[in-house]
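>>> after the sequence you'll find the predicted model.
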Amino acid sequence: MKKLFALALALVMVLGAMSALADGYKVAFSQIGQESDWRTANTDSIKAAIEGHEGWELIYDDAQQKQENQIKALRNFITQGVDVILFTGVVSTGWEEVLKEVNDEQIPLLLIDRLPDCIDQIDYVAAFGGDFVEEGRRQVAWAGEYLKAQGRGDEEVNVVIMEGTTGASAQVGRTEGNLAAIKDYPNMKVVGQQSGNFTRAEGQALMESWLKSIDKIDVLIAQNDDMALGAIDAIKGAGKVPGKDIIIVGCDSVKAAFDAIVAGEMNATIECTPLYGPFVVETIEKLIAGETMSKTVIHPEEGVYDVDGGIDLGTVVSVKAADVIDQRQY
Ligand code: GYE
């Protein structure tokens, strides 16, 4: 009888272990929302990579741009006992408490895209995201160098800066880069600076209001392509020619921006890749294998794309969009 009981117990334990394995390795991802083409490409890249990996299961949460939803999602991940958490924060502040809770539960944390300000106070496995300050610098430098190349380097030009979601590290960094670079071009004067929230609709509305309230706009620096594309509609609606009457520089390098550049309606876009899938998989594989990783934030290599190519920005030379449009993945 005792033997039978021991056998039954062993069977129960084996079945238990098997079902735990069948449940898979749980990768939780707290995504910000769906505000832009960049974000869609980012979600798709990560989803495909995790779901395509044998034995891994994705637990995905879309926070609809709300920090409180992200905090709730992180706490749910803890309750569910996930194996690893991928995190990008809609804004850069206010994460200490919840990320410390993640640390207390010893759930490995992978920081991606918009990194939190408290990065030095928390434990994380690795961090990966765009160099937002450099992207912002490149935006203004592109316009400044382009004007020089057109023989307009001494002409006084009015610049509007359309910012992303206020408080997002992508907005904070790009604004810092935009304003630092403006100092290098004394002919460029900022006459408008406001948030278009990284969306096409708000980019269009903001440009419409600027076109009514500001007499002369020569350059639009839009901190993402979606807002630039919305602004193009506003400029056309006001009877002006986008890309000619107003020079337009976006950021992200999404497909729709390439189309607009090739059509001559937009002048340039600074690349910020959303394709994080391969990085995420590589990092989780290293984590499972017990490898230690560097805590240095990894920035992907990125380019600049425009109508003709050849604009030298010091750290990078622009490439003609039409030459590479067929190879774009997002
Ligand atoms: O530029 C924008 C998106 O955080 C880098 O967020 C990302 C930014 C991207 O909505 O389009």
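Happy to help now that I have it.

>>> quick check: phi and psi on Thr40?
For Thr40, the backbone dihedrals (degrees, to the nearest 10) come out as phi -60, psi -50.

>>> where's it relative to the ligand, distance?
9 Å (Cβ to the nearest ligand atom, to the nearest Å). Placement of C-beta: from N, CA and C, glycine included.

>>> what of Gly310?
Gly310 is 25 Å from the ligand, where distance means Cβ to the nearest ligand atom.

>>> burial measure for that residue, as a count.
Using other Cβ atoms under 10 Å, the number of residues around Gly310 comes to 11.

>>> okay but it is in contact with Asp323, surely?
No: between Gly310 and Asp323 there is no contact, the gap being 11.3 Å when judged by Cβ atoms under 8 Å.

>>> ok, which stretches of the stretch 1-150 of the chain are helices?
Secondary structure of the stretch 1-150 of the chain (DSSP state H, counting those that start in this stretch): helices located at 2-23, 37-51, 67-80, 96-104, 132-149.

>>> buried ones in stretch 100-118?
102, 107-118 (16 or more other Cβ atoms under 10 Å).

>>> now find how far off-centre it is within its chain.
Distance of stretch 100-118 from the chain centroid (Cα atoms, centre = their mean, to the nearest Å) equals 17 Å.

>>> now do that stretch: distance from first to last residue.
10 Å (Cα to Cα, to the nearest Å).

>>> do that stretch and the ligand meet?
Yes: looking at stretch 100-118 against the ligand by Cβ under 6 Å from any ligand atom, the contacts come from 113-114.

>>> so who does Trp224 touch?
Just so we're on the same page, residue 224 is Asn rather than Trp. Going by Cβ atoms under 8 Å, 6 or more residues apart in numbering, Asn224 touches 36, 38, 164, 170, 198, 250-252.

>>> and the closest residue to Glu134 other than its chain neighbours, what pLDDT?
Excluding the flanking residues, the one nearest Glu134 by Cβ to Cβ, 6 or more residues apart in numbering is Gly177, at 6.2 Å. Here the pLDDT value assigned to Gly177 is 98.

>>> how about Lys255?
Per-residue pLDDT puts Lys255 at 97.

>>> what residues does it make contact with?
37, 328, 330.

>>> if we go to 10 Å?
Contacts for Lys255 were tallied using Cβ atoms under 10 Å, 6 or more residues apart in numbering; they are 37, 41, 225, 325, 328-330.

>>> how about the residue lying closest to Asn103 once chain neighbours are set aside, phi and psi?
Take Asn103 and drop its neighbours on the chain: the residue closest to it by Cβ to Cβ, 6+ apart is Asp123, 4.9 Å away. When quoted as degrees, to the nearest 10, the phi and psi of Asp123 stand at phi -90, psi 140.

>>> neighbours of Asp123, how many?
13.

>>> right, and it touches Leu110 too?
No: Asp123 is beyond contact range of Leu110, at 11.4 Å (criterion: Cβ atoms under 10 Å).

>>> whichever residue of the stretch 201-330 of the chain sits closest to the ligand and Arg174: what is the separation?
Residue nearest to the ligand within the stretch 201-330 of the chain: Asn224 (3.5 Å; Cβ to the nearest ligand atom). Remark: distance between Asn224 and Arg174 (Cβ to Cβ, to the nearest Å) = 9 Å.

>>> what residues does the stretch 51-200 of the chain have near the ligand?
With the criterion set to Cβ under 6 Å from any ligand atom, the stretch 51-200 of the chain comes near the ligand through 113-114, 130, 170, 198.

>>> Leu287: which of those residues is nearest?
Asp113 (18.5 Å; Cβ to Cβ).

>>> Phe198 versus Met162, what's the distance?
Counting by Cβ to Cβ, the separation of Met162 from Phe198 is 10 Å.

>>> what is in contact with those two at once?
222-224, 227.

>>> among those residues, which are located in strands?
By the criterion of DSSP state E, membership of the shared contacts of Met162 and Phe198 in strands covers Ala222.
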